[in-house]
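J.: have a look at this fold, sequence not included:
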């Protein structure tokens, strides 16, 4: 085997994938870090979010498929921490 984690849909290999708990979300169409057991996919928001906010988050359609309102960088594929505000909008943690 070439690596500890391989995702066929993404053609993504990661030597530390098991350690980082990488998982593929079919609805997002990408691999994420942190363990499937810790996330849920919100169809209204169009992205995966931490399970602890499942019953309390405010849905904003495609909230993660926008650019950060401060730095204007893509949020959906960002490798930087994204924060979900109480209004449901999203922003890079470093841009707050």
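T.: Everything's here; your move. All values derive from a computational prediction rather than experimental measurement.
J.: for residue 56, give its distance to residue 36.
T.: From residue 56 over to residue 36 the distance is 20 Å, taken as C-beta to C-beta, to the nearest Å. Every residue, glycine included, has its C-beta placed from N, CA and C.
J.: looking at those two, which is more packed in?
T.: Applying other C-beta atoms under 10 Å to residue 56 and residue 36 shows that residue 36 carries more neighbours, namely 15 against 7.
J.: which residues touch the more buried one?
T.: Neighbouring residues of residue 36 by C-beta atoms under 8 Å, 6 or more residues apart in numbering: 21, 23, 25.
J.: which element is the spatially closest residue to residue 2 that is not a sequence neighbour on?
T.: Excluding its sequence neighbours, the residue lying closest to residue 2 (C-beta to C-beta, 6 or more residues apart in numbering) is residue 13, at 5.7 Å. For residue 13, the element it lies in under DSSP states H and E is strand 12-14.
J.: sorry, back to before: of the contacts of residue 36, which is the most crowded?
T.: residue 23 (18 neighbours).
J.: wait, that one touches residue 30, no?
T.: No - with contact defined as C-beta atoms under 8 Å, residue 23 does not count as touching residue 30 (10.2 Å).
J.: residue 48 contacts residue 25, doesn't it?
T.: Yes - in this structure, residue 48 is within contact of residue 25 by C-beta under 8 Å, at 5.3 Å.
J.: what helices and strands are in contact with the strand holding residue 13?
T.: Judged by 3 or more C-beta pairs under 8 Å, 6 or more residues apart in numbering; DSSP states H and E, strand 12-14 is in contact with strand 5-7.
J.: now do the strand it packs on: everything it contacts.
T.: Counting by C-beta under 8 Å, 6+ apart, 12, 13, 14, 15, 16, 17, 18, 20, 22, 24, 31 sit against strand 5-7.
J.: cheers, nothing more for now.
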